[in-house]
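S.K.: show me the folded form of this:
(2 chains)
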There are 2 protein chains.
Amino acid sequence: MYRTHNCGELRISDTGIKVKLAGWVQRVRKLGGMTFIDLRDRYGVTQLVLDEKAPEQIASTVASLGREFVIQTTGTVIERASKNPKLPTGDVEILLEEIKILNASELPPFTIEDDTDGGDELRMKFRYLDLRRAPLRKALELRHRMAHEVRNYMDSQKFLEIETPYLIKSTPEGARDFVVPSRIHKGEFYALPQSPQTFKQILMVAGYDRYFQIVRCFRDEDLRADRQPEFTQIDCEMSFVEREDILQTFEGLAKHLFKSILGIEFDGAFPRMSYNDAMKYYGCDKPDIRFDMKITDASSLKSKGFQVFDNAEYIGAICAEGCAEYSRKQIDELTEWVKRPQIGAKGLVYIRLSENGIKSSIDKFYSTDELQVFADSAGAKKGDLILILSGTKKLTLSGLSALRLEMGNRLGLRNDKVFRPLWVVDFPLFEYDDETKRYYAMHHPFTSPLPEDMALLESAPGDVRANAYDFVVNGVEIGGGSIRIHNSQIQRTMFKILGFTPEEAERQFGFIINAFRYGAPPHGGIAFGFDRWCAIFGGSDSIRDYIAFPKNNAGKDVMIDSPSIISHEQLNELSLKVIID
Amino acid sequence: MYRTHNCGELRISDTGIKVKLAGWVQRVRKLGGMTFIDLRDRYGVTQLVLDEKAPEQIASTVASLGREFVIQTTGTVIERASKNPKLPTGDVEILLEEIKILNASELPPFTIEDDTDGGDELRMKFRYLDLRRAPLRKALELRHRMAHEVRNYMDSQKFLEIETPYLIKSTPEGARDFVVPSRIHKGEFYALPQSPQTFKQILMVAGYDRYFQIVRCFRDEDLRADRQPEFTQIDCEMSFVEREDILQTFEGLAKHLFKSILGIEFDGAFPRMSYNDAMKYYGCDKPDIRFDMKITDASSLKSKGFQVFDNAEYIGAICAEGCAEYSRKQIDELTEWVKRPQIGAKGLVYIRLSENGIKSSIDKFYSTDELQVFADSAGAKKGDLILILSGTKKLTLSGLSALRLEMGNRLGLRNDKVFRPLWVVDFPLFEYDDETKRYYAMHHPFTSPLPEDMALLESAPGDVRANAYDFVVNGVEIGGGSIRIHNSQIQRTMFKILGFTPEEAERQFGFIINAFRYGAPPHGGIAFGFDRWCAIFGGSDSIRDYIAFPKNNAGKDVMIDSPSIISHEQLNELSLKVIID
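M.R.: Predicted coordinates:
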């Protein structure tokens, strides 16, 4: 037996017992004639002490220790003279009686501390060392705990976890698939699933009633920061349900996670907001409602001779509470910020409601009274700063949304220990694309219209709302789903609106359309981005810390050096040739 | 709300309440003026009854129902006149008051019954209909329950479930990899993991101490019956452990599953058997110990002039209890059975210990006394039948092993409700290949030798036993693993014996060898075949019923028609060309 205890469990009540510990050398310190070793494992850190009277053999072994050496020690638990209240084991130390080096370590290329000196690439390459740091360890422990609690809740609700295949079929709709050449069926390919969408609907047709799966998904997209080619989803589907059943069930899941993982309880139902309201008041479909600062329509400022506003499709304002005393420099900074290409605003108009009266960048065009009337309508009071953008409606709203979040950050209104979940509902069913002059499904072609909008499906598709919903926490979309179409007549109409001929629909979605001919129940579902949910709960923006072995922004695993070339024999067996121009 | 209850929960105590049910029409029967409908969902079957006095509109809807129609009904729970004790809901029925067809169904191509009339290919193509049958539904429910209990146990033992990547790197050792072309890194490929072996060892280096994962694995092998290109493994690894710690921990897992899933409790420890004993007494490394019938060495029968035995490298016998009265025809049948190419025996010698004395097929060469002495040594008694094979040791033992299992089947000694788990230990570390004249790792090159055999590693590699173990239930290998090498000197010796130059070792295993330079703890692990474990618990030989969407024996998913060709655009984007001669 290598150890009697781990490095996180000894307490003052263990004083006097003899223990055997094993772990990594975090730090060795000499203090007078004594030597102290911090011994670390997954469970914590325990201090070992080498007495000056210790036998020479032990002293020389201790002298040879380096950082990250793996050792095994025997000793007696004693009370510390100077306790460390920051460590759960900080009341005790182990008086060393035996020590054995189980494995030496070369000097790590960066320090294994909460704040390390290693750069991003280096830490990715030596991921096994980075993973030893407490912040990453805690992130993966959190992830384990979350997955376990998801399963506990889903099981308690009679959901079955059913594994769907990873070697499936490539479908042209949607994002790009990763494909897998078949050796046995030459020239043919499997594809890795972007999500188990069709399989979960098939499982509903098969009568499984309540399905879920924590499952890997794959998308061969051009990578952006914080996008991973493989990511994990909590994928769920239910039969014989309406939207309300789904929202109730998964609000239950979210509450269970908030409570069991974070100890946070919510009174009453999560708020719900229509897509239209979200766009109108927050400029985006995933509002951060930890703070108010809603967008106000400022079209009342038109027709006063200020050309910029008069020519704008849309004018909108937000009111930053208590910011009237922002300096010229601060306002210039904000102006530059909204003019960056990511936002693309032409400029920023402000109205200060300072102690000395109203002052704005458009004083030339508006009287103080006019500005006051507008400020009142925007809910601003003395001490506030109103910020106004104008231009096309789409760009202005997205600019106001970004500016609102930025002001929230500056004003400390986005505390990552505070959680404000929200359902966004009633999304449009279609998006019209001006370029290709056709409708696209906003979610996917199996999404059902809202029952009350069904009559508009053929006459005014653009006005039809989807029976779809997103789950948003603190401005981050954690999940989304919909009630599906189970009526084949509506499905046919849907394909027609999307511009599919019956043959195209059959070719692309044949197997699921066929399945629907044999008694498909009403059903719907949702999928949650598990990596992101973990990151939000951990108070982080980056999903990468919540994935044990992530790829870098170029889709490479630099630790194992993948992707990489394969042998000619492998390519020949697969009947493939690489052609690089 | 589509329903107030499911189809499996109504009982006699619910009599009188009004309920709403939804589900599939299993069967419609007319009996006098009454019509009975069996309504089915995942949870059970409930009988609906249409009274002859029911309104015409309901009667005509009922008349239009076909098998597998999806309906929603409202009615009152009443006590049945003739109860069905086989159904949990068999005491009650629902007096129909409303009925609505939610979805019609075409006539399914086979019956949705426990014993269906559909052939294998047809049921694979319409897997969503096959999955509606109770045996498949129960198989997937069992699988869900097993996965959940695995996680409960592992969590209680402080194991962390950590997801390892699916897009990894191809390694030439071992079975064939499935590869995934990278679009961004032209000409380069990811590979799908055959197992997370290196990642779990990396996680031990990273200090995670106890890791597990229920994880998909991929092998591009030439397919055999009951082999799947993708399969699921319970993958586990622990640090600071010796073999005993691992066997204890995972015996705990097995006992937890036996108890929580099957209600079976085991007294005391599972038996352990050395590889050598397994081969000697059972002729294979995964003995079915539900019955005895051990192999007896029959070399005492040599040198009596019977050439077949005299020239044999090995002679072995089994004793089939109570089979002395086997007819000539039965023995001929067994003889043909062992001569099949799968077994490859030259012939079968028997000795009957019948009421009328000893009779054998080798009476010419042996006296009755000589036969009796041998029979006694083989533990045979009056009424038994001794069966003897001879030839090369390897082939004869494997033949005796197969014959023993066959006799076990014929004698009803292999009850699939009886479970006899077993640890097989002390496997050889290497296999010597006469053709390539080199040693191969029997498990993998990171497997540690037994501590007591370490001294033989360089001098007599063929005699070194591995610190490896297999978990066997009823003759099926469910899991296997080993203590790993964590000492780099031993690892280098290992690679040398396996014929790797240091450069080759670096090229193939570089990233893990590097990781081991930074403080690798002693560690070991095990992996269980989850599909097979489910099948064994379900009392089935076929893993396919325990996988929701399996591939057929040609590696094809005939439901979705995969693999399939992909477009030229996709191939071009991947810089690939298909070359078929």
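
S.K.: which strands and helices sit next to the helix or strand bottoming out on mean pLDDT in chain A?
M.R.: Of all helical and strand segments in chain A, the minimum by mean pLDDT, DSSP states H and E falls on helix A:502-515, at a mean of 86. On a contact count with 3 or more CB pairs under 8 Å, 6 or more residues apart in numbering or on different chains; DSSP states H and E, helix A:502-515 meets helix A:197-205, helix A:488-497. Backbone N, C-alpha and C define where each C-beta goes, glycine included.

S.K.: could you give the angle of the last one to helix A:502-515?
M.R.: Between the axes of helix A:488-497 and helix A:502-515, defined by axes from the mean of the first three to the mean of the last three CA atoms, to 10 degrees, the angle is 150 degrees.

S.K.: surely residue A:76 touches residue A:18?
M.R.: Yes: distance between residue A:76 and residue A:18: 5.4 Å, which falls inside the contact criterion (CB atoms under 8 Å).

S.K.: tell me where the stretch 401-550 of chain A has strands.
M.R.: If you assign secondary structure with DSSP state E, counting those that start in this stretch, the strands in the stretch 401-550 of chain A sit at A:421-425, A:430-433, A:438-441, A:468-473, A:476-483, A:523-529.

S.K.: how about these, which one is nearest residue A:191?
M.R.: Among the strands of the stretch 401-550 of chain A, the nearest to residue A:191 by CB to CB is strand A:523-529 (18.3 Å).

S.K.: within its sheet, name the partner strands of that closest one and how each one runs.
M.R.: Strand A:523-529 has these partner strands in its sheet, going by DSSP bridges: strand A:230-239 (antiparallel), strand A:476-483 (antiparallel).

S.K.: can I get these in TSV with mean neighbour count, distance to residue B:460 and mean pLDDT?
M.R.: Putting those into TSV (neighbours: other CB atoms under 10 Å in any protein chain shown; distance: least, CB to CB, whole Å; pLDDT from 0 to 100) gives the following:
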stretch	mean neighbour count	distance to residue B:460	mean pLDDT
strand A:230-239	24	46	98
strand A:476-483	22	60	97
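
S.K.: as JSON lines, those strands with distance to residue A:158 would be great.
M.R.: As requested, the strands paired with strand A:523-529 are arranged in JSON lines below (distance: least, CB to CB, whole Å):
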{"stretch": "strand A:230-239", "distance to residue A:158": "10"}
{"stretch": "strand A:476-483", "distance to residue A:158": "19"}
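
S.K.: still on that earlier bit, can I get the helices and strands packed on helix A:502-515 in a markdown table including mean pLDDT, distance to residue A:368 and mean neighbour count?
M.R.: Conversion of the helices and strands packed on helix A:502-515 to a markdown table gives the following (pLDDT from 0 to 100; distance: least, CB to CB, whole Å; neighbours: other CB atoms under 10 Å in any protein chain shown):
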| stretch | mean pLDDT | distance to residue A:368 | mean neighbour count |
| --- | --- | --- | --- |
| helix A:197-205 | 96 | 58 | 24 |
| helix A:488-497 | 89 | 53 | 17 |
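
S.K.: now these in CSV, please, with extra columns for distance to residue B:575.
M.R.: Supplementary listing: the helices and strands packed on helix A:502-515 in CSV, determined by distance: least, CB to CB, whole Å:
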stretch, distance to residue B:575
helix A:197-205, 29
helix A:488-497, 34
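
S.K.: nearest to chain B, of these?
M.R.: Each of the helices and strands packed on helix A:502-515 has some distance to chain B by CB to the nearest CB; the shortest is helix A:197-205, at 4.8 Å.

S.K.: does that closest one reach chain B?
M.R.: Yes: with CB under 8 Å from any CB of the partner chain as the criterion, chain B is reached by helix A:197-205 at A:198-199, A:202-203, A:205.

S.K.: about what we covered before: alpha carbons of the least confident helix or strand of chain A, as CSV, please.
M.R.: What follows is helix A:502-515 as a C-alpha-only set of coordinates in CSV (Å, rounded to 0.1, in the frame of the first residue of the first chain):
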residue,chain,number,x,y,z
PRO,A,502,-39.7,16.6,-52.7
GLU,A,503,-36.8,14.7,-54.2
GLU,A,504,-34.2,16.9,-52.5
ALA,A,505,-36.0,16.5,-49.2
GLU,A,506,-36.0,12.8,-49.6
ARG,A,507,-32.3,12.6,-50.5
GLN,A,508,-31.2,14.7,-47.6
PHE,A,509,-33.6,13.7,-44.9
GLY,A,510,-35.0,10.4,-46.3
PHE,A,511,-34.4,8.1,-43.4
ILE,A,512,-36.0,10.4,-40.8
ILE,A,513,-39.0,11.3,-43.1
ASN,A,514,-39.5,7.5,-43.6
ALA,A,515,-39.4,6.9,-39.9
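
S.K.: contacts for that helix next, please.
M.R.: Contacts of helix A:502-515 from elsewhere in the structure, counted by CB atoms under 8 Å, 6 or more residues apart in numbering or on different chains, are A:171-173, A:198, A:201-202, A:205, A:445-446, A:488, A:491-492, A:495, A:500, B:128, B:559-561.

S.K.: let me know the angle separating it from helix A:197-205.
M.R.: Relative orientation of helix A:502-515 with respect to helix A:197-205: 40 degrees, computed using the same axes, to 10 degrees.

S.K.: returning to that earlier point: report the set of residues contacting both of residue A:76 and residue A:18.
M.R.: residue A:97.

S.K.: can I see the domain layout of chain A?
M.R.: Following the assignment in automatic domain parsing, chain A carries domains at A:12-103, A:138-272+A:422-546, A:291-414.

S.K.: which of these is buried the deepest?
M.R.: domain A:138-272+A:422-546 (a mean of 19; mean count of other CB atoms under 10 Å in any protein chain shown).

S.K.: off-centre distance for it?
M.R.: Its chain's C-alpha centre lies 16 Å from the corresponding centre of domain A:138-272+A:422-546 when counted by CA atoms, centre = their mean, to the nearest Å.

S.K.: okay, how far is it across it, tip to tip?
M.R.: Distance across domain A:138-272+A:422-546, first residue to last, is 9 Å (CA to CA, to the nearest Å).

S.K.: ok, now how distant is the closest residue to residue A:288 other than its chain neighbours from residue B:268?
M.R.: With CB to CB, 6 or more residues apart in numbering or on different chains as the measure, residue A:475 is the residue that lies nearest to residue A:288, at 2.9 Å, once sequence neighbours are left out. Note on residue A:475: its distance to residue B:268, by CB to CB, to the nearest Å, is 58 Å.

S.K.: now residue A:421
M.R.: When residue A:421 is compared with residue B:268 (using CB to CB), they lie 51 Å apart.

S.K.: check the secondary structure at the residue nearest to residue A:84 when sequence neighbours are not counted for me.
M.R.: The shortest distance from residue A:84 to any residue other than its chain neighbours is 3.3 Å, reached at residue A:90 (CB to CB, 6+ apart). The local conformation at residue A:90, judged by DSSP: H, G, I helix; E, B strand; the rest coil, is coil.

S.K.: kindly report the same for the one 10 residues further on.
M.R.: Three-state secondary structure (criterion: three-state DSSP) places residue A:100 in strand.

S.K.: ok, it - contacts?
M.R.: For residue A:100, the contact set (CB under 8 Å, 6+ apart) comprises A:61, A:71-73.

S.K.: quick check, pLDDT for it.
M.R.: At residue A:100, the model reports a pLDDT of 97.

S.K.: distance of it from chain B?
M.R.: 11 Å (CB to the nearest CB, to the nearest Å).

S.K.: go on, residue A:470?
M.R.: For residue A:470, the distance to chain B (CB to the nearest CB) stands at 23 Å.

S.K.: residues contacting that residue?
M.R.: If you count contacts by CB under 8 Å, 6+ apart, residue A:470 has them with A:285-286, A:423-425, A:427, A:477, A:479-480.
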